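S.K.: give me coordinates for this.
(chains A, B, C, D, E, F, G, H, I and J, ligands or ions: 16)
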Number of protein chains: 10
Amino acid sequence: MSDRKNEGLTLLENKGATYTFDYNPRLLEAFQNQHPERDYFVKFNFPEFTSLCPITHQPDFATLHISYVPAQRMVESKSLKLYLFSFRNHGDFHEDCVNNIADDLIRLMDPKYLEIWGKFLPRGGISIDPYVNYGKKGTRWEQVAFDRLSKHDLYPERIDNR
Amino acid sequence: MSDRKNEGLTLLENKGATYTFDYNPRLLEAFQNQHPERDYFVKFNFPEFTSLCPITHQPDFATLHISYVPAQRMVESKSLKLYLFSFRNHGDFHEDCVNNIADDLIRLMDPKYLEIWGKFLPRGGISIDPYVNYGKKGTRWEQVAFDRLSKHDLYPERIDNR
Amino acid sequence: MSDRKNEGLTLLENKGATYTFDYNPRLLEAFQNQHPERDYFVKFNFPEFTSLCPITHQPDFATLHISYVPAQRMVESKSLKLYLFSFRNHGDFHEDCVNNIADDLIRLMDPKYLEIWGKFLPRGGISIDPYVNYGKKGTRWEQVAFDRLSKHDLYPERIDNR
Amino acid sequence: MSDRKNEGLTLLENKGATYTFDYNPRLLEAFQNQHPERDYFVKFNFPEFTSLCPITHQPDFATLHISYVPAQRMVESKSLKLYLFSFRNHGDFHEDCVNNIADDLIRLMDPKYLEIWGKFLPRGGISIDPYVNYGKKGTRWEQVAFDRLSKHDLYPERIDNR
Amino acid sequence: MSDRKNEGLTLLENKGATYTFDYNPRLLEAFQNQHPERDYFVKFNFPEFTSLCPITHQPDFATLHISYVPAQRMVESKSLKLYLFSFRNHGDFHEDCVNNIADDLIRLMDPKYLEIWGKFLPRGGISIDPYVNYGKKGTRWEQVAFDRLSKHDLYPERIDNR
Amino acid sequence: MSDRKNEGLTLLENKGATYTFDYNPRLLEAFQNQHPERDYFVKFNFPEFTSLCPITHQPDFATLHISYVPAQRMVESKSLKLYLFSFRNHGDFHEDCVNNIADDLIRLMDPKYLEIWGKFLPRGGISIDPYVNYGKKGTRWEQVAFDRLSKHDLYPERIDNR
Amino acid sequence: MSDRKNEGLTLLENKGATYTFDYNPRLLEAFQNQHPERDYFVKFNFPEFTSLCPITHQPDFATLHISYVPAQRMVESKSLKLYLFSFRNHGDFHEDCVNNIADDLIRLMDPKYLEIWGKFLPRGGISIDPYVNYGKKGTRWEQVAFDRLSKHDLYPERIDNR
Amino acid sequence: MSDRKNEGLTLLENKGATYTFDYNPRLLEAFQNQHPERDYFVKFNFPEFTSLCPITHQPDFATLHISYVPAQRMVESKSLKLYLFSFRNHGDFHEDCVNNIADDLIRLMDPKYLEIWGKFLPRGGISIDPYVNYGKKGTRWEQVAFDRLSKHDLYPERIDNR
Amino acid sequence: MSDRKNEGLTLLENKGATYTFDYNPRLLEAFQNQHPERDYFVKFNFPEFTSLCPITHQPDFATLHISYVPAQRMVESKSLKLYLFSFRNHGDFHEDCVNNIADDLIRLMDPKYLEIWGKFLPRGGISIDPYVNYGKKGTRWEQVAFDRLSKHDLYPERIDNR
Amino acid sequence: MSDRKNEGLTLLENKGATYTFDYNPRLLEAFQNQHPERDYFVKFNFPEFTSLCPITHQPDFATLHISYVPAQRMVESKSLKLYLFSFRNHGDFHEDCVNNIADDLIRLMDPKYLEIWGKFLPRGGISIDPYVNYGKKGTRWEQVAFDRLSKHDLYPERIDNR
Ligand SMILES: [Ca+2]
Ligand SMILES: [Ca+2]
Ligand SMILES: [Ca+2]
Ligand SMILES: [Ca+2]
Ligand SMILES: [Ca+2]
Ligand SMILES: [Ca+2]
Ligand SMILES: [Ca+2]
Ligand SMILES: [Ca+2]
Ligand SMILES: [Ca+2]
Ligand SMILES: [Ca+2]
Ligand SMILES: [Ca+2]
Ligand SMILES: [Ca+2]
Ligand SMILES: [Ca+2]
Ligand SMILES: [Ca+2]
Ligand SMILES: [Ca+2]
Ligand SMILES: [Ca+2]
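M.R.: Ligands and ions are numbered 1, 2, ... in the order given. Modelled structure (predicted):
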């Protein structure tokens, strides 16, 4: 059995986590990548994102897809969940939520590559799906980021609001 | 909580919106992009588009997918909805509706990139799906526009009219 | 080839139909049932229903399923379509639209049985699906109507607003 | 290997079948039920039904589901296919096609029970799905026919014309 | 155009609604049923339900299906949405949330029949779906309630936690 | 760990099974029901059924659904698989295959109830789905068999041959 | 916020649960039903069931659907998960696993009604889906149990082993 | 309202169209592209294609997807439908039908780009899906045509003939 | 009507085909491509492939997708079906079946391009999907073959063995 | 019939395999590629992967997709299954399991290309999907590996945790 408990991943074991619902990027925790010699992807699927409209305070709901290629640090999944739950009573536009999560994760991990796609539920018959990505300057992933952006979503998923 | 109310986004808060059903591009409103240093996509899904056939006046129905990469200005989602509802009693061909919406949004936002895919319900057993896109001249998005057009819809969605 | 042109089904042949968008039950036309000795079902699926909210005038959208067991008269499908299109600029609540369509079709056809299920697109994250039915008094279909109502929708369809 | 070639099932073996496209119920052939002591169902699924509108002569398309409980005679599947193909250039209303196919199969087989559900593709945004059934008089299937009719289609399938 | 504005349905028009996130059944509003002579169903689909675990305070998520047969009073849909949003920061078990919503709606409307099915997202690989229903004493709907309960969910939906 | 090896279930352990492709009902093996005091269902799903047309010898393919309520004996699943594979080079009509499998399983197990639904791939655009069932005489399952038969397939699955 | 912590539901809060992989029914914990005056259903969906074949020790996989109508006691969901995980290294036949889980839950809760449907992944092209149910003697749920059993699975789900 | 009636689009308005069922490319009509400065796609989905096998005369069925980038002329959708219906009693192989439709549309419109994908229903368990495309010589679309052909259908759709 | 009967396509007309179940590549027949000036794709979907495991002789099942770009010769579809049926009693590994079918079709047609994707049903919880392709040496399709291979299956289809 | 039994593929025939549940890469067996002159893909789909969380020991579940291009050696499928089952009682993070499986298979086969995509079930509302790939140094597959990585998962699958 691995001895990864020594890495400071206290969150997974110490289960008495406290849930806070005000935007708090300090909830994010990182751990060491065990395979730094290999570029690879890790994707998080999170269908439980909810925040508030900054104008009306009406709740908004989204599924977030977060993918990245780690360098030295990786985001711990339970801390990521707590961080995402901290938007619960926070008011911000869809486009800003997704951009700000990207900024926070880049700051935490300094990854080679990162992308986030938010798929929000409709309001008034119309829905908004922001997509942002990032490639580390000076690496081959800088070009990949633009290539992926330029090829983004050639096949929009079928949406009928039911 | 953000103070974005000061940006002139009066439409979201002032909920007593008036619905008009004659084509009216002046309904569109823009606001400032908060992340102009990052190229990113915003997609609107709108399954409630309806207009009239310009010859027979029979109602037509479509789902529109509108995606763009903002420069300085972004389209406000409620104003976009009101604008799209303004086609309700307007007569135009499918291909022209989609082209004209593209023209109006380019004029409003001067975006780096924009594309619209209309998926209309069938008439007499046949359906029409126009797709237009645009990349700003003199930016790398001009080439992206042609690349995306040339790769458009290699996998047509399954259609059986049921 | 059948000689049903003589029945007064002028609408199907005379294609120069005029589309009107104010609620008008006089658009409905009936023709004679050719199989009155047999009780059987006819179902219409109409995913293009649209009306207005009576308070805000915002457009509403629904798929209607209309099923009936004919007695002597049957509703002509093109006249039904024109009638349903006549709700386009008419304001009424979802529950009332469905009840009123039922009333109009019962008056037109005097059917043995009739039911209507409206499935509306969501507003503010919530959607409404009214279901009404009717069995002719003094026939076995009176009891069937209650039996069907009492067994209605034991398996609600999966709804995720996307 | 069974010796069922002696039953007169010449159609299956004699593959030089002629396809005729004028309604012709004499194309139907029957063979002996090998399990008359058991009541059981046989269902045919036929997504290739096409006929003509009796007024405009426009082609119509449907999937037919034909189910029955055999008594002494059963319909041979290839003859059924040829018979159904014979509606290709025949003009009739949806409701009448389905009723007439039922009548022809009852005449051919004298079954204990039979039902037909036609699911037609939309015309002008609306589709029609007739359902007829039959239970042999003086058998328990007479009551079953009404019970099934009275419980017909409590869950209309999702239709969006795409 | 209907004059239903006079019924006190101020909520729909007065759009400056305040969202509150503490359980509050007084948010519910009722209006008069326009078709009291007919028994019919109204179903609400609400995929945006969220509450907190009463022990750990972790957010929980569910889709609620609420169906009822009105007597004299009907629940106004926007008030229902605000009421359901009021569970946002409220802690309760899944089974209790669903039971309490049922109790509140019965108190508000005194309906002939009501049922609620909550479909919650999994925690630790397992998900919980409570179903409650109610039939008004002394009406035929009392028996219907038990019949529906006894036939509940014979075909559980396919669940794979993805 | 249970000691069920002593029951003569040699087939599961003795993995050097021989596959034979001539119809052979003696391949079927039974074992003792451990819960005879309880009536319960066991269903086998078998999408790998293949036999030959008795006239043309063309291969036919089907998914079989076999459900039963055991009395004292239960069919061992690997022996059932070998038995079903033994139709591989056997020629028989769809309706007869399904009837004969039912007869063989009834003889083997003397079950309280048994049903088989065969869903065959199309030939020339048409497919055949026989359904047979059985309830043991003198038990309540005799009536159940007819009740299930009489309610069979009120909702034919969607078929489009693609 | 409810004070249900006092009920002895220590498991949910005390998150340092120990996972054991030998069949252990003592892991199950119950709590008091808060709505004993109402008959209602609670369903658990568990797609993570795995056990071992008692003969070959090969791992088996299933999705379990467990539904019940509580009397006084209800099963705590985290304890149910731990109990189901305890089959991980336990060898037993599909039919016996499902029967034994039913027995353990009946013993724990003494419910009015309970049913379990196991849907196992295929071995050698064939899959097994046991279904058991139970109604408390001397209550109306005793008859419901047989009614549900007799109507079980009239519409087998589509299975193609892909 | 647009004045496009003056363009000679008489077919849409003059609804007394005659349906002919012998292959007739002269049924095709073109109109002027209103947006010649923009390269864009128009796709037709046609699930009602039917022709005859040239050897056996058995009816064949397909869904056609026709996509093109207009130059100066565009195909009028109703004329396209009538043209496609004219294959109804015409005998030709699948591959030849699709190639010939491409040739006729290229001749009519002289488009920048065109592609057709035919998806035919199976015969004897096997189905055929021809795909042809074309790029105008001397334009950038000539290279696009080969690029699209070389990348065609890397993900064949799931087919199980049911 | 085309006169393609003169091309030697005797198989389609002479319907008294003999089905043989020993691997026999001589069953394959070719005919002349009528559109040699155009590069285009033809795809066959065949969900009825079955062969035997060479070690255990257990039947295996697969759906094959065969796509090619013809040069001068094309494979006749009925002969292809008979050839594929000839693997019925032939024992070979999945990977070898797919490679050998590719070799046989290349030998028969000398195509510009060819690819085959076999999707086999699982054995013991695991399934195997071989994919081979080929581009004619000295043509642009040689490079296409590697490009397609290098981009193969970036999106594996969802598999859950049900 | 092939004589591949002589290759040492004893595992397939010798069915008395022992299942071990401690991580054991020595379970993997290889055999000779019969088509070394052709680059082609082999994909394994394995929806039965389960391991333990290294911190909490809670079971985790995933579907693995393993694809490779063989050089001289290929992995035998039954040995791969036994190897993957050996993670059953082994504790490791999702990202490490997938990386380590990749390392073991590269060591066994020295393939031209290999990739693994793990799709894990959610814990606490969030799921993790690692993707790793590898191209043999000094071959064209080294570049392919980066190209595939840089284009990985542009279309994340729809996830709603149900
Ligand atoms: Ca490593
Ligand atoms: Ca949808
Ligand atoms: Ca920023
Ligand atoms: Ca469809
Ligand atoms: Ca949906
Ligand atoms: Ca018999
Ligand atoms: Ca549809
Ligand atoms: Ca009324
Ligand atoms: Ca799912
Ligand atoms: Ca209570
Ligand atoms: Ca499947
Ligand atoms: Ca223009
Ligand atoms: Ca299908
Ligand atoms: Ca599946
Ligand atoms: Ca070779
Ligand atoms: Ca899902």
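
S.K.: please make it C-alpha for all contacts and neighbour counts, starting now.
M.R.: Noted.

S.K.: contacts only, for the residue in chain A that ligand 4 sits nearest to.
M.R.: Using CA to the ion, the single residue of chain A nearest to ligand 4 is A:R158, 11.5 Å away. For A:R158, the contact set (CA atoms under 8 Å, 6 or more residues apart in numbering or on different chains) is empty.

S.K.: tell me which residues in the host helix or strand of A:L80 are buried?
M.R.: Element membership of A:L80, judged by DSSP states H and E, is helix A:77-85. Neighbour counts over helix A:77-85 (16 or more other CA atoms under 10 Å in any protein chain shown) mark A:77-85 as buried.

S.K.: report all helices and strands that it contacts.
M.R.: On a contact count with 3 or more CA pairs under 8 Å, 6 or more residues apart in numbering or on different chains; DSSP states H and E, helix A:77-85 meets helix A:10-13, strand A:41-52.

S.K.: got a list of contacts for that helix?
M.R.: Residues outside helix A:77-85 that contact it (CA under 8 Å, 6+ apart): A:11-12, A:19-21, A:23-29, A:49-50, E:59, J:124-126.

S.K.: heading C-terminal from that helix, find the next helix or strand.
M.R.: helix A:94-109.

S.K.: and that following helix, how far from the chain's centre?
M.R.: 7 Å (CA atoms, centre = their mean, to the nearest Å).

S.K.: what are the buried residues along that helix?
M.R.: By neighbour count on 16+ other CA under 10 Å, the buried set for helix A:94-109 is A:94-95, A:97-99, A:101-102, A:105-106, A:108-109.

S.K.: is it up against chain C anywhere?
M.R.: No - applying CA under 8 Å from any CA of the partner chain, one finds helix A:94-109 separated from chain C by no less than 15.8 Å.

S.K.: contacting residues for A:I116?
M.R.: Counting by CA under 8 Å, 6+ apart, A:I116 touches A:64-67, A:98, A:102, A:131-133.

S.K.: ok, A:D22 next?
M.R.: Per CA under 8 Å, 6+ apart, neighbours of A:D22: A:86-90.

S.K.: how close does it get to chain I?
M.R.: Distance of A:D22 to chain I, computed by CA to the nearest CA, to the nearest Å: 37 Å.

S.K.: what helix or strand does the closest residue to A:G135 other than its chain neighbours sit in?
M.R.: Nearest residue to A:G135, sequence neighbours excluded (CA to CA, 6 or more residues apart in numbering or on different chains): A:E142, at 4.0 Å. Assigned by DSSP H and E, A:E142 falls within helix A:140-150.

S.K.: quick check: mean pLDDT across that helix?
M.R.: For helix A:140-150, the mean per-residue pLDDT is 98.

S.K.: quick one: list the elements packing against it.
M.R.: strand A:113-120, strand A:127-135, helix B:140-150, helix J:140-150.

S.K.: and with 6 Å instead?
M.R.: Where contact means 3 or more CA pairs under 6 Å, 6 or more residues apart in numbering or on different chains; DSSP states H and E, helix A:140-150 is packed against strand A:127-135.

S.K.: the strand it packs on close to ligand 2?
M.R.: No - using CA under 5 Å from the ion, strand A:127-135 stays clear of ligand 2, coming no nearer than 12.3 Å.

S.K.: that strand relative to strand B:41-52, how many degrees between them?
M.R.: Per axes from the mean of the first three to the mean of the last three CA atoms, to 10 degrees, the angle that strand A:127-135 makes with strand B:41-52 is 150 degrees.

S.K.: ok, A:T63 - contacts?
M.R.: A:46-47, A:118-119 (CA atoms under 6 Å, 6 or more residues apart in numbering or on different chains).

S.K.: now, among those residues, which is nearest to D:V42?
M.R.: A:P47 (43.9 Å; CA to CA).

S.K.: how many other residues sit next to that closest one?
M.R.: A:P47: 24 surrounding residues under other CA atoms under 10 Å in any protein chain shown.

S.K.: ok, now how distant is it from chain D?
M.R.: According to CA to the nearest CA, A:P47 and chain D sit 25 Å apart.

S.K.: repeat that for A:H65.
M.R.: Distance, A:H65 to chain D, by CA to the nearest CA: 27 Å.

S.K.: go ahead and confirm that residue touches A:E48.
M.R.: No - with contact defined as CA atoms under 6 Å, A:H65 does not count as touching A:E48 (11.0 Å).

S.K.: A:P54: which element?
M.R.: Using DSSP H and E, no helix or strand contains A:P54.

S.K.: in which helix or strand does A:S67 reside?
M.R.: Using DSSP H and E, A:S67 falls in strand A:59-69.

S.K.: burial count for the closest residue to A:F120 other than its chain neighbours?
M.R.: Using CA to CA, 6+ apart and skipping the chain neighbours, the partner closest in space to A:F120 is A:A62 (4.0 Å). Neighbourhood size, A:A62 [other CA under 10 Å]: 21.

S.K.: could you check how far A:A62 is from ligand 16?
M.R.: Distance of A:A62 to ligand 16, given as CA to the ion, to the nearest Å: 14 Å.

S.K.: tell me how far that residue lies from ligand 7.
M.R.: Taking CA to the ion as the measure, A:A62 falls 24 Å from ligand 7.

S.K.: in the sheet, who's paired with that residue?
M.R.: A:F49, A:F120 (DSSP bridges).

S.K.: next one, pLDDT for it please.
M.R.: Reading off the confidence values, A:A62 has pLDDT 98.

S.K.: do the same with A:A17
M.R.: pLDDT, A:A17: 77.

S.K.: coming back round to it: can I get the buried residues of helix A:77-85 in a markdown table with pLDDT?
M.R.: Shown next, in a markdown table, are those (pLDDT from 0 to 100):
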| residue | pLDDT |
| --- | --- |
| A:S77 | 96 |
| A:K78 | 96 |
| A:S79 | 97 |
| A:L80 | 98 |
| A:K81 | 97 |
| A:L82 | 97 |
| A:Y83 | 98 |
| A:L84 | 98 |
| A:F85 | 97 |
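
S.K.: any idea which of those residues is closest to B:L149?
M.R.: The closest of the buried residues of helix A:77-85 to B:L149 turns out to be A:L84 (CA to CA; 36.0 Å).

S.K.: what residues does chain A put near chain B?
M.R.: Within chain A, the residues that sit near chain B (CA under 6 Å from any CA of the partner chain) are A:91, A:126-132, A:160.

S.K.: roughly how far does the residue nearest to A:Q34 when sequence neighbours are not counted sit from J:H90?
M.R.: In space, and not counting its chain neighbours, A:Q34 is closest to J:D96: 7.5 Å by CA to CA, 6+ apart. J:D96 is 12 Å from J:H90, where distance means CA to CA, to the nearest Å.

S.K.: next structured bit after the strand holding A:S67?
M.R.: strand A:73-75.

S.K.: parallel or antiparallel, which strands does that following strand pair with?
M.R.: Partners of strand A:73-75 in its sheet, by DSSP bridges: strand A:30-32 (antiparallel).

S.K.: before we move on, the earlier item: now the buried members of the contacts of A:D22.
M.R.: With burial judged by 16+ other CA under 10 Å, the buried subset of those is A:86-90.

S.K.: wait, which of the residues you listed is closest to ligand 2?
M.R.: Proximity of the buried ones among the contacts of A:D22 to ligand 2 (CA to the ion) peaks at A:R88, which lies at 25.2 Å.

S.K.: can you tell me how far the spatially closest residue to that closest one that is not a sequence neighbour is from chain C?
M.R.: Excluding its sequence neighbours, the residue lying closest to A:R88 (CA to CA, 6+ apart) is A:S51, at 4.6 Å. According to CA to the nearest CA, A:S51 stands 14 Å off from chain C.

S.K.: how much space separates A:S51 from chain H?
M.R.: 37 Å.

S.K.: now A:R26. Nearest residue, chain neighbours left out?
M.R.: In this structure, A:R26 finds its nearest non-sequential neighbour in A:Y83, 7.9 Å apart by CA to CA, 6+ apart.

S.K.: same check, this time on A:H35
M.R.: Once flanking residues are discounted, A:H35 sits nearest to J:N99: 7.6 Å by CA to CA, 6+ apart.
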